[in-house]
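Participant: would you be able to build a 3D model of this:
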Amino acid sequence: MELLSKINKTPCPWCTGFEAYRRYHDEEWGVPVKEDQKQFEFLVLESAQAGLSWSTILKKREGYRLAFADFDYNQVAQFPESYIQELLVNPAIIRNRLKIRAAVNNAQRFLEVRAAFGSFSNYIWGFVDGSPIQNHFKNMQEVPAQTQISDALAKDMKKRGFKFLGSTILYAHMQATGLVNDHLTSCYRHQEIMNLK
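Facilitator: This next block holds a predicted model:
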């Protein structure tokens with residue numbers, strides 16, 4: 001039975017192509033994230049993804065980790081203009097002026113949310129009443145690009161001054177950080193994620 005369970009590990013169809021993509025699906029995607037530094041990491045990466053594929057961002061993830069102080073929002077919030085200029089020519093990340101400046105701005109707004117709510121996690125998990133939404137989609141066509149909750153989150157975060165984080169990007173963030181479980185029911189991770197406390 002144990003051998004059978006190891007063989008029968010059908011993933012979601014989107015994670016094929018290269019090993020890091022499959023590993024991300026198997027180990028991270030959909031796992032509930034309550035740590036603020038990890039939340040900030042995904043905000044930076046998701047906003048960088050706008051208009052690009054997630055696989056492109058995954059390939060540059062370590063470059064982002066080095067360039068953005070291991071996603072320490074306290075440090076990123078204080079990046080001086082001289083360092084921002086260095087980031088604009090750093091080939092290890094997406095060299096988009098608006099996205100880079102948005103990441104620094106968003107670190108500053110992140111700190112404001114932490115001050116108001118005790119943690120960013122308290123804030124964002126409040127949009128799903130503190131518990132992951134368990135979806136039961138059978139195919140990729142059923143999975144939405146955004147929802148009323150991501151619309152509300154995007155509207156509130158925009159009001160708080162966050163940039164490059166619209167409803168579609170924030171729904172992807174919700175999927176990545178486990179606010180919703182969007183593994184297909186045919187995927188072996190669907191039930192595993194449901195079992196996480």
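Participant: chain center to the lengthiest helix in the chain: distance?
Facilitator: The longest helix of the chain (DSSP state H) is helix 97-117. Computed by C-alpha atoms, centre = their mean, to the nearest Å, the chain-centroid distance of helix 97-117 equals 15 Å.
Participant: that helix: what's the following helix or strand?
Facilitator: Sequence-wise, the next helix or strand downstream of helix 97-117 (DSSP states H and E) is helix 120-125.
Participant: output the below-cut-off pLDDT ranges for this structure.
Facilitator: Under the criterion pLDDT under 70, the flagged ranges of the chain are 1-8, 197.
Participant: before we move on, the earlier item: could you give me the buried positions within the longest helix of the chain?
Facilitator: By neighbour count with 16 or more other C-beta atoms under 10 Å, helix 97-117 contains the buried residues 99-107, 109-111, 113-114. Every residue, glycine included, has its C-beta placed from N, CA and C.
Participant: what do you get for stretch 126-138?
Facilitator: Buried residues in stretch 126-138, counting neighbours by 16+ other C-beta under 10 Å, are found at Phe127, Val128, Pro132, Asn135, Phe137.
Participant: would you confirm that Ile169 contacts Val44?
Facilitator: No - the pair Ile169 / Val44 is not scored as a contact, 11.3 Å apart, by C-beta atoms under 8 Å.
Participant: these two: which has the busier surroundings?
Facilitator: Taking neighbours as other C-beta atoms under 10 Å, Ile169 and Val44 compare with Val44 leading, 29 against 20.
Participant: before we move on, back to that, neighbouring contacts of the longest helix of the chain?
Facilitator: 36, 40, 43-44, 47-48, 50, 68, 73-74, 76-77, 79, 84, 87-88, 93, 120, 123, 126, 157, 160-165 (C-beta atoms under 8 Å, 6 or more residues apart in numbering).
Participant: select only the buried ones of the residues you listed in PyMOL?
Facilitator: Per 16+ other C-beta under 10 Å, the buried members of the contacts of helix 97-117 correspond to this PyMOL selection:
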select buried, resi 36+40+43+44+47+48+50+68+73+76+77+79+87+93+120+123+157+162+163+164+165
